[in-house]
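Undergrad: sequence and computational prediction follow.
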Amino acid sequence: MTAVIGCMIYEHNPWLLAAAVVVCIVSSWGVMRLFSRATTRRNLQKIVWHFLTAILAGSAIWSTHFIALIGFDSGAPFEFDPAFTTISLLVAMVGAACGFVVAASGWFRLAPLVGGAIVGMAVSAMHYAGMIAYRVQGIVSWNEDYVVASIASAILFSAGAFHVAMNREALKHSEALAVALLVLAILTLHLTGMTAFHVEPLLIENRFSNPAALQALGFAVAGVAVLIGCAGLAGYLIDEGVRAESYKELQKMALHDSLTGLPNRRSFNERLDQEIQLAKETGGKVALVGIDLDRFKEINDLRGHAAGDEVLKMLAGRMMGALQENEFVARLGGDEFGAIHRTHVHVDLLDFLNRIEAVLSNLITLDGYEFVPSASIGVAVYPDNAVDKPTLVNNADLAMYRAKSDIARAICFYEPSMDEAVRARRGLANELREAMLHNQLDIHYQVQTSVATGGIVGYEALLRWEHPQRGFIPPSEFIPVAEETGLIIQLGEWVLRTACLNAASWNPPYKVSVNVSAVQFAHVDLRKIIMESLLLSGLPADRLELELTETTIFANKERSLHILRQIKALGVKVALDDFGTGYSSLDTLRSFPFDKIKLDRSFIIEVESSLQAKAIIRAVLALGKSLAIPVLAEGIETEGQLALLRHEGCDEVQGYLLGRPAPLKQIIASGQITSFDSTTAREARIAAPLDDIELLEKIARFA
Ligand code: C2E
Ligand code: MG
Ligand code: MG
């Protein structure tokens with residue numbers, strides 16, 4: 001082999017031979033790069049990459065051969081046959097394309113070797129087609145052994161090159177090895193093939209060759225080959241750039257929140273892991289800060305989701321702007337954010353929290369609408385409050401919930417007593433379950449009277465829990481627990497059935513009002529339960545009034561309206577409870593078919609002392625009048641309050657002055673009502689709920 005190469009080098013123009021070798025190495029590298037890109041693509045993209053690779057490979061092989069051939073000195077004048085020269089180029093391209101397709105196909109285990117061998121054959125076919133195009137004035141003879149050796153070496157080296165290229169992961173420096181093997185395939189073919197070629201010159205007169213022109217042609221081909229290579233490389237680099245960019249974009253999408261651009265929960269978790277690890281190693285501290293915007297739902301409900309999004313973006317931008325080194329903020333979802341502060345001194349942490357609180361409570365102006373946002377912030381510090389991530393997150397949440405429920409404090413630090421509060425709530429839920437099973441719950445009734453006549457109009461059913469050890473537990477304490485745990489569904493159903501059953505036997509036939517919580521209202525079975533309660537008790541639908549708060553309705557306005565209409569279609573009345581404490585939007589009253597407005601007790605408390613409260617009451621009464629909805633004032637405790645409301649034209653009142661909530665027995669004993677049927681005798685009728693909803697509807701309509 002060395003002898004062959006040595007001999008051939010001797011017979012070649014060294015500059016052109018060097019140019020051929022350079023073209024061969026550079027193009028082979030390009031071919032292998034493009035080929036490996038083709039293997040990672042699919043369908044049309046794969047075909048296009050194979051096509052590009054074949055163009056580059058074909059021109060690389062062909063140029064190497066052509067340049068070297070021009071530089072070959074056979075001692076006789078020569079020329080090139082244009083047809084065979086072109087055919088040789090096409091053979092190289094088409095053959096290489098077939099080889100690439102097979103090599104990358106994965107059709108069978110040895111496909112890369114077979115594909116590589118096809119490429120080797122294409123190189124050989126190109127070389128010998130090119131040699132047919134080489135017309136020399138002399139007697140040509142071939143050494144068949146060298147011919148066979150040249151083809152065999154091309155096939156073997158090329159097969160090896162593609163085997164290596166397709167097993168990149170398994171081999172070290174595989175790319176360089178594959179390129180080297182392909183270079184060897186092309187060069188050994190040419191050099192061995194040229195050793196097999198012998199010319200006995202016949203013509204002494206140098207009629208055909210012009211050495212200077214041929215040399216120029218050789219360099220021109222080299223130049224074109226390099227240009228083709230560069231074009232292929234440029235395509236590769238552009239593709240690489242696009243790939244890198246899309247990868248970066250995808251990575252950004254995976255780690256960032258698309259609305260605010262802040263890091264998302266995933267990056268927050270990763271960062272928290274890192275910070276905890278760092279704190280572990282250095283003995284430092286990490287503060288985890290849970291941030292929840294206050295009344296954000298209100299913005300969404302009142303101003304629309306686009307405005308809500310805008311506010312989130314604004315606040316996110318503000319928080320980002322307030323960050324310093326070692327601080328991190330992320331959007332964890334909805335109106336919930338999380339921040340991390342690597343802390344050394346407590347003062348720094350306080351400074352960080354103050355900065356965050358300040359940016360979250362600065363005035364926001366949006367489409368001419370101004371409001372001051374606020375947030376509840378909970379803080380837990382590693383390792384002071386927790387030594388692992390889940391506990392740290394849980395404790396920051398607990399602190400944040402405390403901040404939410406504490407009107408006076410926007411920032412709360414975790415305290416162990418918070419765990420106790422949670423435990424107490426869980427305990428209360430279990431006890432409530434027990435209470436439901438063991439009949440510790442009861443309903444008290446509070447009278448509602450007409451202001452004009454002083455006569456009774458109805459009673460509000462209020463749930464009571466007499467705990468065997470702890471005594472009376474107020475609804476304000478256990479209703480939220482029942483809502484959180486879902487127990488309110490069963491509880492509310494029981495209240496509704498029992499209240500209907502009780503009221504059905506009242507004489508005179510006063511109305512009964514039953515409170516319905518947001519969780520119950522959202523439950524799909526509500527209408528069915530109302531119908532069952534009415535049918536089983538025999539209470540006419542217009543004697544039942546359901547009390548809902550604005551918060552309940554606002555959770556999903558459209559759906560609420562739909563449910564309200566369904567309830568009203570049964571003939572049941574609907575009252576808006578605690579008016580003035582929620583959103584108090586005129587829109588609520590205009591869009592929902594309420595039968596009564598219940599003005600919240602908080603206004604009545606101040607009515608005698610505060611001009612403002614009086615003005616509000618007057619406005620609500622005027623509103624009721626204009627919408628033709630009667631207004632009931634809650635919490636009347638004094639004669640003065642009653643006189644004032646009478647003077648302002650209030651329709652109905654309810655309060656301790658007129659009667660405290662009391663057990664039914666006590667109300668019957670007072671003579672306010674008589675009951676012709678005992679509750680217990682009728683309770684058996686609750687046992688079997690009806691399932692045929694259509695039948696229920698029909699009966700309810702004709703009842
Ligand atoms: P609410 O529906 O606004 O009921 C009126 C509350 O005001 C009752 O408190 C009643 O005892 C109290 N109240 C009435 N008049 C006066 C007064 O003159 N002065 C004072 N200081 N208070 C007065 P209660 O029974 O503690 O109920 C509190 C809340 O618990 C109710 O407010 C209602 O939202 C809820 N609740 C009660 N029972 C049920 C129920 O069966 N289901 C549901 N979902 N919620 C209920
Ligand atoms: Mg009520
Ligand atoms: Mg109320």
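TA: Here it is on my side, so go on. Ligands and ions are numbered 1, 2, ... in the order given.
Undergrad: tell me who's in contact with Gly290.
TA: By C-beta atoms under 8 Å, 6 or more residues apart in numbering, the residues touching Gly290 are 336, 338, 377-379, 396-397, 399-400. From N, CA and C alone the C-beta is placed, and that goes for glycine too.
Undergrad: not counting sequence-adjacent ones, nearest residue to it?
TA: If the residues on either side of it in the chain are set aside, Gly290 comes closest to Met400, at 3.8 Å by C-beta to C-beta, 6 or more residues apart in numbering.
Undergrad: His346 versus that neighbour, what's the distance?
TA: Applying C-beta to C-beta, to the nearest Å, the value for Met400 to His346 is 19 Å.
Undergrad: what does Ile118 give?
TA: For Ile118, the distance to His346 under the criterion C-beta to C-beta works out to 73 Å.
Undergrad: could you do Val451 as well?
TA: 58 Å.
Undergrad: who has more neighbours, those two?
TA: When Val451 and His346 are compared for neighbours, Val451 comes out ahead with 19 against 11, by other C-beta atoms under 10 Å.
Undergrad: touching, that one and Glu652? I think so.
TA: Yes. Applying C-beta atoms under 8 Å, one finds Val451 in contact with Glu652, separated by 6.2 Å.
Undergrad: in the stretch 451-600 of the chain, which spans are strands?
TA: Taking DSSP state E, counting those that start in this stretch as the criterion, the stretch 451-600 of the chain contains strands spanning 456-467, 471-473, 506-507, 511-515, 544-548, 573-579, 596-599.
Undergrad: the longest one packs against which elements?
TA: Just to be clear, that refers to strand 456-467. Applying 3 or more C-beta pairs under 8 Å, 6 or more residues apart in numbering; DSSP states H and E, one finds that strand 456-467 contacts helix 416-437, strand 441-450, strand 471-473, helix 475-485, helix 487-504, strand 511-515.
Undergrad: what's the angle between it and helix 487-504?
TA: Strand 456-467 and helix 487-504 meet at an angle of 140 degrees, taking axes from the mean of the first three to the mean of the last three C-alpha atoms, to 10 degrees as the criterion.
Undergrad: if we can go back for a sec, nearest approach to ligand 3 belongs to which of the strands of the stretch 451-600 of the chain?
TA: Set against ligand 3 and scored by C-beta to the ion, the strands of the stretch 451-600 of the chain come closest in strand 573-579, at 4.2 Å.
Undergrad: where does the residue nearest to the spatial centre of the chain land on pLDDT?
TA: With distances taken as C-alpha atoms, centre = their mean, Asp257 lies nearest the centre of the chain, 7.6 Å away. As summarised for this prediction, Asp257 has a pLDDT of 90.
Undergrad: so what does it have for phi and psi?
TA: phi -80, psi 130 (degrees, to the nearest 10).
Undergrad: touching, it and Ser267? I think so.
TA: No. Using C-beta under 8 Å, Asp257 is not in contact with Ser267; the gap is 9.3 Å.
Undergrad: which residues do the two both contact?
TA: Common contacts of Asp257 and Ser267 (C-beta under 8 Å, 6+ apart): Ala330.
Undergrad: measure Arg497 to Leu233 for me?
TA: For Arg497, the distance to Leu233 under the criterion C-beta to C-beta works out to 81 Å.
Undergrad: the two: who's more crowded?
TA: Set side by side, Arg497 and Leu233 give different neighbour counts by other C-beta under 10 Å, the larger being at Arg497 (23 against 18).
Undergrad: and that one, how far is that from Lys573?
TA: Counting by C-beta to C-beta, the separation of Arg497 from Lys573 is 18 Å.
Undergrad: sec struct for Trp107, please.
TA: In terms of secondary structure, Trp107 is coil; the call rests on DSSP: H, G, I helix; E, B strand; the rest coil.
Undergrad: enumerate every residue touching it.
TA: Per C-beta under 8 Å, 6+ apart, neighbours of Trp107: none.
Undergrad: how close does it get to ligand 2?
TA: As judged by C-beta to the ion, to the nearest Å, Trp107 and ligand 2 stand 76 Å apart.
Undergrad: what's near enough to touch the residue nearest to the centre of the chain?
TA: Contacts for Asp257 (C-beta under 8 Å, 6+ apart) come out as 263-264, 316, 330-331.
Undergrad: next secondary structure element downstream of the helix or strand encompassing Phe162?
TA: When elements are defined using DSSP states H and E, Phe162 is found to belong to helix 144-166. Past helix 144-166, further along toward the C-terminus, the next helix or strand under DSSP H and E is helix 174-195.
Undergrad: between that next one and helix 144-166, what angle do the directions make?
TA: Following the same axes, to 10 degrees, one obtains 170 degrees for the angle between helix 174-195 and helix 144-166.
Undergrad: tell me how far helix 174-195 lies from the chain's centre.
TA: Between the mean C-alpha point of helix 174-195 and the mean C-alpha point of its chain there is a distance of 52 Å (C-alpha atoms, centre = their mean, to the nearest Å).
Undergrad: next: stretch 299-312.
TA: Between the centre of stretch 299-312 and the centre of its chain there are 19 Å (C-alpha atoms, centre = their mean).
Undergrad: which parts of that stretch are buried?
TA: Within stretch 299-312, the residues that qualify as buried are 299-303, 307-308, 310-312, counting by 16 or more other C-beta atoms under 10 Å.
Undergrad: ok, now how distant is Ile238 from ligand 3?
TA: Here the distance between Ile238 and ligand 3 works out to 69 Å (C-beta to the ion).
Undergrad: what about that residue, how many residues nearby?
TA: Other residues lying near Ile238 total 10 when counted by other C-beta under 10 Å.
Undergrad: check Arg464 too.
TA: Count around Arg464 with other C-beta under 10 Å applied: 16.
Undergrad: domain map for the protein?
TA: Dividing the chain into domains by automatic domain parsing, as the record does, gives the ranges 2-203+210-245, 265-414, 425-702.
Undergrad: any part of the longest one near ligand 3?
TA: Yes. Domain 425-702 lies within reach of ligand 3 by C-beta under 5 Å from the ion, at 577-578, 634.
Undergrad: between the residues you listed, which is closest to ligand 2?
TA: Distance to ligand 2 across those (C-beta to the ion) is lowest for Asp577, with 4.3 Å.
Undergrad: you'd agree the closest one is up against Leu546?
TA: No. Using C-beta under 8 Å, Asp577 is not in contact with Leu546, being 9.3 Å away.
Undergrad: returning to what we had before: so which of the domains of the chain comes closest to Met253?
TA: Proximity to Met253 (C-beta to C-beta) singles out domain 265-414 among the domains of the chain, at 10.8 Å.
Undergrad: so how far is Trp494 from the residue nearest to Thr498 when sequence neighbours are not counted?
TA: Nearest non-adjacent residue to Thr498, counting by C-beta to C-beta, 6+ apart: Ile443, 5.8 Å away. According to C-beta to C-beta, Ile443 stands 9 Å off from Trp494.
Undergrad: more neighbours, those two?
TA: Residue environment comparison for Ile443 versus Trp494 gives the larger neighbour count to Ile443, 21 against 15, counting by other C-beta under 10 Å.
Undergrad: what is the more buried one paired to in the beta sheet?
TA: Per DSSP bridges, the residues bridged to Ile443 are Leu463.
Undergrad: can you name the residues that contact it?
TA: Listed by C-beta under 8 Å, 6+ apart, the contact set of Ile443 reads 461-464, 495, 498-499, 502, 664.
Undergrad: show me which residues of the chain sit near ligand 2.
TA: Those residues of the chain that sit near ligand 2, judged by C-beta under 5 Å from the ion, are 515, 547, 577.
Undergrad: I'd like the next helix or strand past the helix or strand containing Val221.
TA: Secondary structure assigned from DSSP H and E places Val221 in helix 211-255. Using DSSP H and E, the helix or strand that follows helix 211-255 in sequence is helix 265-282.
Undergrad: list the neighbouring strands of the next helix or strand after that following helix plus their orientation.
TA: Moving toward the C-terminus from helix 265-282, the next helix or strand (DSSP H and E) is strand 285-293. Strands adjacent to strand 285-293 in the sheet, as given by DSSP bridges, are strand 336-343 (antiparallel), strand 375-382 (antiparallel).
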